[in-house]
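1. what follows is a predicted structure for the sequence shown.
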Amino acid sequence: MSVYTTVSEAELSAWLGDYSLGQLLELQGIASGIENTNYFVTTGNGRFVLTLFEKLSADELPFYLNLMAHLARHGIPCPSPVANRHNQFLGKLNGKPACIVSRLNGKSTSTPDIAQCTTIGAMLGQMHIAGQSFSQIMPNPRSGAWREATAPLVRPFLDAELAALLDSEIALHARQNWASLPQGVIHADLFRDNVLLEENRVGGLIDFYFACSDALLYDVAITINDWCMNADDRLDAPRAQAFLRAYHAERPLLASEHAAWPLMLRAAALRFWLSRLFDMHQPRDGELTHAHDPRHFERILKNHIAAAHTVWL
């Protein structure tokens, strides 16, 4: 989340005239993240989040908005899109596709403990189960084809050792076929800053705009790579095992997923190393942007490669 497109109070007040949300009371830009323009919005009817989409098109967006509405109806604490007077979730503001969703309670944590990792493991399992009845499909836009297309754009900025690592990992994962693993809707970005906690209870899962259809285990790997890492970017066994056990209690993991797990952790690390390299070396202009350090996922990837074995149930 970030601010690329400026919205004034007058512009938003006029736009909100198409909604039954009451009078605008406060508008505040959200500086974290890098994909969309986001504001906190307070009206006479409550607290909301306004998003203007900088990359996604109006044709792509119904998948994400319908998914959030579906999950919210099935008891998953996620933002619920607000329909306008024409019963549409998606509008247009300052030339960009835009929506407004409910703002959830809680705050993110940077230092999750075992209890919190247990909670989010269980919630991810519940989300995957709830997503099984969602009928829309969105192929993963950051799959192998994306890796192949993005690597040449960042390779000139890497030294020979890192370029060789990037190429070898892309080649390794191009040989994998995860289609036989359980598939479904995944969040694909369930980092700590995308989960709102109230002590050990999940108040909200947010920022679903990387969600797609893929192997469910890939989502588990992405999440554990963020929630269960030590300060040295190595997997923390107690937290990872607590997460996996809680997830397994909701959606039992298969033997085939166990076999795929070490490489899936590497695939998840590669995805974010590559995207952060791209965001750092091919940035877009923005008012309040923040690019994450790619070296964090470079170290995670190297540690996964070096590990003789990895944490499982």
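-> Good, I have the coordinates. Numbering: from 1, shown residues only.

2. contacts, neighbours, all on C-alpha from now
-> Noted.

3. which residue is the nearest non-sequential neighbour of residue 229?
-> residue 235 (4.7 Å; Cα to Cα, 6 or more residues apart in numbering).

4. what about that neighbour, neighbour count?
-> Residue 235 has 22 neighbouring residues, counting by other Cα atoms under 10 Å.

5. that one contacts residue 226, correct?
-> No - counting by Cα atoms under 8 Å, residue 235 stays clear of residue 226, with 9.3 Å between them.

6. find the nearest non-adjacent residue to residue 277, please.
-> Distances taken as Cα to Cα, 6+ apart place residue 294 nearest to residue 277, at 5.5 Å, with adjacent residues excluded.

7. show me the contacts for that neighbour.
-> Applying Cα atoms under 8 Å, 6 or more residues apart in numbering, we find residue 294 in contact with 272-274, 276-277, 280.

8. now list the buried members of those.
-> Buried residues within the contacts of residue 294, defined by neighbour count using 16 or more other Cα atoms under 10 Å: 272-274, 276-277, 280.

9. the residues you listed in helices, which ones?
-> 272-274, 276-277, 280 (DSSP state H).

10. got the residues you listed as a markdown table, with pLDDT and distance to residue 4 columns?
-> Formatted as a markdown table, these follow (pLDDT from 0 to 100; distance: Cα to Cα, whole Å):
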| residue | pLDDT | distance to residue 4 |
| --- | --- | --- |
| 272 | 98 | 22 |
| 273 | 98 | 23 |
| 274 | 98 | 22 |
| 276 | 95 | 18 |
| 277 | 96 | 20 |
| 280 | 91 | 16 |
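
11. roughly how far apart are the residue most central in space within the chain and residue 145?
-> Geometric centre of the chain, nearest residue: residue 189, 1.9 Å, by Cα atoms, centre = their mean. Distance of residue 189 to residue 145, computed by Cα to Cα, to the nearest Å: 19 Å.

12. repeat that for residue 20.
-> 43 Å.

13. try residue 259
-> Plainly put, residue 259 is 24 Å away from residue 145 if you go by Cα to Cα.

14. and if you look at residue 53?
-> Taking Cα to Cα, one finds residue 53 at 23 Å from residue 145.

15. more neighbours: which of these two?
-> residue 53 (24 against 11).

16. for the more buried one, give me phi and psi.
-> phi -90, psi 120 (degrees, to the nearest 10).

17. list the contacts for it?
-> 35-37, 96-98.

18. how about residue 292?
-> So residue 292 contacts 276, 279-280 (Cα under 8 Å, 6+ apart).

19. of the residues you listed, closest to residue 89?
-> Nearest to residue 89, judged by Cα to Cα, of the contacts of residue 292 is residue 279 at 29.1 Å.

20. just checking, that closest one touches residue 291?
-> Yes - here residue 279 reaches residue 291: they are 6.2 Å apart, a contact under Cα under 8 Å.

21. what bits of this structure have low per-residue confidence?
-> For the chain, the stretches with pLDDT under 70 are 1-2, 32-34, 284-290.

22. could you pull out the strands for it?
-> Assigned by DSSP state E, the chain shows strands spanning 24-29, 37-43, 46-52, 91-93, 96-102, 183-186, 195-198, 201-205, 212-215.

23. in CSV, list those along with mean neighbour count.
-> Formatted as CSV, the strands of the chain follow (neighbours: other Cα atoms under 10 Å):
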stretch, mean neighbour count
strand 24-29, 17
strand 37-43, 22
strand 46-52, 21
strand 91-93, 17
strand 96-102, 21
strand 183-186, 22
strand 195-198, 20
strand 201-205, 20
strand 212-215, 21
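
24. among the ones you listed, which comes closest to residue 137?
-> Here strand 212-215 is closest among the strands of the chain (Cα to Cα), at 6.0 Å.

25. packing partners of that closest one?
-> strand 183-186 (3 or more Cα pairs under 8 Å, 6 or more residues apart in numbering; DSSP states H and E).

26. export stretch 191-207 to CSV, keeping only CA atoms.
-> In CSV, the C-alpha atoms belonging to stretch 191-207 read as follows (Å, rounded to 0.1, in the frame of the first residue of the first chain):
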residue,chain,number,x,y,z
PHE,A,191,3.0,-11.1,5.7
ARG,A,192,2.9,-9.8,9.2
ASP,A,193,1.9,-6.4,8.0
ASN,A,194,-1.1,-7.9,6.2
VAL,A,195,-2.6,-9.4,9.4
LEU,A,196,-4.3,-7.3,12.1
LEU,A,197,-4.1,-8.9,15.5
GLU,A,198,-6.0,-8.3,18.7
GLU,A,199,-3.6,-10.0,21.1
ASN,A,200,-3.7,-13.6,19.9
ARG,A,201,-6.9,-13.2,17.9
VAL,A,202,-7.0,-12.4,14.2
GLY,A,203,-8.9,-9.1,13.7
GLY,A,204,-8.3,-9.0,10.0
LEU,A,205,-6.5,-10.4,6.9
ILE,A,206,-5.9,-7.5,4.5
ASP,A,207,-4.4,-6.6,1.1
